[in-house]
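A.B. asks: from the sequence below, what's the structure:
(one chain, ligands or ions: 1)
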Amino acid sequence: MVGLTGVRKKKTAIFISGNGSNMKKLIKFSKLRNSPICVDLVLSNNKKANGIRYLKKTKIVSKIFNFKNNKDEEKILKILKKRKIDLICLAGFMKILSRDFIKKFNGKILNIHPSLLPKYKGLNTHERVIMNNEKFSGCTVHLVNSKLDSGKIILQKKVRINKNDNPKTLAKKILKEEHMLYPKAIKKLLSTT
Ligand code: GRF
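C.D. replies: This is a model prediction of the structure:
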């Protein structure tokens, strides 16, 4: 697919596990004429993910895998190769990809994490941030390497924490920012590669 600028849009696969609100925003973004990506495929480890249900209303192909062993990854790599996927966006994807898999897509896998990395890697970020009485949190889009939430940071957005924020209200506030940050980070990455 060719975008407004005459440049071929990068074929993108999104990996999800749950709600898929970031996925939906990326799909919306990909449909803009000047977007550098087109969403070609969505993979999930969870067939009951809300995001997968949503895709039934679209023409985007979705596939479910356990992501439990190398065999699954081999099958996935074959599909990604066959569909000529250029970019992978992890969006609320709760599985860890193998070192080998990451190597094969080196510099082409992005993730969004709900904290100001390198602070608060891993799970339950909002609970930990609130417990530590932090004044700010935020979200980060980064490249994926073999260490958890540790690849090169592409973009971050800071969010102020109010006195009466709890993990739920903070998650909601940050998610809203994630939806804007992910498209911006993709534009930034693709304009420099
Ligand atoms: C987001 O907060 C993302 O940063 C984290 O998981 C959440 C996924 O939300 N990794 P959604 O599935 O995109 O709605």
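A.B. asks: taking this protein, what residue is nearest to the ligand?
C.D. replies: For the chain, the residue closest to the ligand is G92, as judged by CB to the nearest ligand atom, at 2.6 Å. Just so you know, the C-beta spots here come from the backbone N, C-alpha and C atoms, and that holds for glycine as well.
A.B. asks: state the number of residues packed around that residue.
C.D. replies: 22 (other CB atoms under 10 Å).
A.B. asks: I'd guessed L77 sits against I102; true?
C.D. replies: No: with contact defined as CB atoms under 8 Å, L77 does not count as touching I102 (11.3 Å).
A.B. asks: just list what the longest helix anywhere in the chain packs against, helices and strands only.
C.D. replies: Within the chain, and with DSSP state H defining each element, the longest helix by residue count is helix 167-192. Applying 3 or more CB pairs under 8 Å, 6 or more residues apart in numbering; DSSP states H and E, one finds that helix 167-192 contacts helix 21-30, strand 87-90, strand 109-113, helix 125-131, strand 136-143, strand 153-160.
A.B. asks: up against the ligand, what does the chain have?
C.D. replies: Taking CB under 6 Å from any ligand atom as the criterion, the neighbours of the ligand within the chain are 16, 18-22, 91-92, 112-114, 175, 178.
A.B. asks: most neighbours among these, which one?
C.D. replies: Compared across those, I16 has the highest neighbour count, 28 neighbours, by other CB under 10 Å.
A.B. asks: may I ask which helix or strand encompasses the residue of the chain most remote from its centre?
C.D. replies: In the chain, the greatest distance from the average C-alpha position (CA atoms, centre = their mean) is reached by K163, at 29.3 Å. Using DSSP states H and E, K163 maps to neither a helix nor a strand.
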